[in-house]
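1. The following block contains a protein sequence and its predicted model.
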Amino acid sequence: MNVSIFAAVFGELKNWVMKICEITGKTAMAGNNVSHSKRKTKRRFHVNLQTKKFYVPEEDQWVTLKVSAAGIRNINKKGISACLKEAKEKGYLS
């Protein structure tokens with residue numbers, strides 16, 4: 001669909017945000033729904049994302065992140081500073 005047609009139909013363009021964990025980089029996976037008769041239809045397995053605020057004592061400020069449940073466990077295990085540093089190195093966080 002042409003962007004100008006899309007804008008005309010839906011009013012304005014919106015900034016779509018992908019469902020990506022900012023700590024682990026997890027994204028949605030593709031898979032199949034399998035019925036009892038073994039028929040397969042495509043589906044997506046979405047990430048369990050939560051918007052959560054974390055306090056960073058080194059910077060003395062609160063940071064809001066979109067993190068998966070696995071990312072929250074990672075932060076609890078390693079600490080927020082180490083996880084933020086790791087995520088920036090891997091390019092998950094700008």
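-> Sure, I can see it.
2. can you list contacts of the helix or strand hosting residue 82?
-> For residue 82, the enclosing helix or strand under DSSP states H and E is helix 80-90. For helix 80-90, contacts defined as C-beta atoms under 8 Å, 6 or more residues apart in numbering pick out 22-23, 25, 54-58, 63, 71, 74-75, 78, 93-94. C-betas here are computed from N, CA, C, even on glycine.
3. same question, stretch 47-56
-> Applying C-beta under 8 Å, 6+ apart, the set of residues contacting stretch 47-56 from outside is 19-21, 26-28, 61-69, 72, 75, 80-81, 84.
4. Repeat that for stretch 29-37.
-> Residues external to stretch 29-37 that are found in contact with it (C-beta under 8 Å, 6+ apart): 40, 41, 42, 43, 44, 45.
5. can we see that at 10 Å?
-> With contacts defined as C-beta atoms under 10 Å, 6 or more residues apart in numbering, stretch 29-37 is touched by 38, 39, 40, 41, 42, 43, 44, 45, 46, 47.
6. Secondary structure element holding the fourth one?
-> This means residue 41. Applying DSSP H and E as the criterion places residue 41 in strand 40-45.
7. Please name the bridge partners of residue 43.
-> With DSSP bridges as the criterion, residue 43 is bridged to residue 31.
8. any idea how far it lies from residue 63?
-> In this view, residue 43 and residue 63 are 33 Å apart by C-beta to C-beta, to the nearest Å.
9. How about residue 84?
-> Residue 84 is 7 Å from residue 63, where distance means C-beta to C-beta.
10. any shared contact partners between these two?
-> Common neighbours of residue 84 and residue 63 (criterion: C-beta under 10 Å, 6+ apart): 22, 54, 56, 93.
11. Geometric centre of this structure: which residue is closest?
-> Nearest to the mean C-alpha position of the chain, counting by C-alpha atoms, centre = their mean, stands residue 20 at 2.1 Å.
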